[in-house]
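**Q** this one's sequence-less:
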């Protein structure tokens with residue numbers, strides 16, 4: 001099992017997944033016929049940044065919990 005590296009270096013599989021997420025999300029944006037097409041470059045940049053920062057561990061470190069519940073799942 002791979003572990004998350006804090007230096008934010010992604011292996012080729014991770015990068016491919018990020019690219020696929022970006023492409024799928026951009027395809028969804030393109031379906032909006034009312035969008036301002038002049039802002040597409042800005043939106044693509046923002047989306048690329050969003051897709052890359054979303055590649056973090058799925059399980060977050062548990063918060064201090066006196067009841068001993070399992071770690072929280074999700075961002």
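**A** That came in fine, so what should we check first? Since the model is a prediction, treat every value here as computed from it, not as a measurement. Numbering: from 1, shown residues only.
**Q** what about residue 36, distance to residue 49?
**A** Here the criterion is Cβ to Cβ, to the nearest Å. By it, residue 36 lies 19 Å from residue 49. All C-beta atoms are positioned from the backbone trio N, CA, C, and that covers glycine.
**Q** please, which helix or strand holds residue 28?
**A** helix 12-30 (DSSP states H and E).
**Q** buried residues, that helix. List them.
**A** Buried residues in helix 12-30, counted by 16 or more other Cβ atoms under 10 Å: 18, 21-22, 25.
**Q** check stretch 34-47 too.
**A** 43, 47.
**Q** returning to that earlier point: kindly reformat the buried residues of helix 12-30 as JSON lines containing distance to residue 9.
**A** As requested, these are exported to JSON lines (distance: Cβ to Cβ, whole Å):
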{"residue": "18", "distance to residue 9": "13"}
{"residue": "21", "distance to residue 9": "18"}
{"residue": "22", "distance to residue 9": "18"}
{"residue": "25", "distance to residue 9": "23"}
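**Q** and which of the residues you listed is nearest to residue 45?
**A** residue 22 (10.9 Å; Cβ to Cβ).
**Q** surely that closest one and residue 49 touch.
**A** No. Assessed by Cβ atoms under 8 Å, residue 22 is found out of contact with residue 49, at 9.9 Å.
**Q** joint contacts of these two?
**A** Common neighbours of residue 22 and residue 49 (criterion: Cβ atoms under 8 Å, 6 or more residues apart in numbering): none identified.
**Q** other SSEs contacting the helix holding residue 28?
**A** helix 40-53 (3 or more Cβ pairs under 8 Å, 6 or more residues apart in numbering; DSSP states H and E).
**Q** need the buried residues of helix 12-30 in TSV (columns: pLDDT).
**A** What follows is those, written out as TSV (pLDDT from 0 to 100):
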residue	pLDDT
18	85
21	87
22	89
25	90
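**Q** any idea how many residues pack against residue 51?
**A** With neighbours defined by other Cβ atoms under 10 Å, the count for residue 51 comes to 19.
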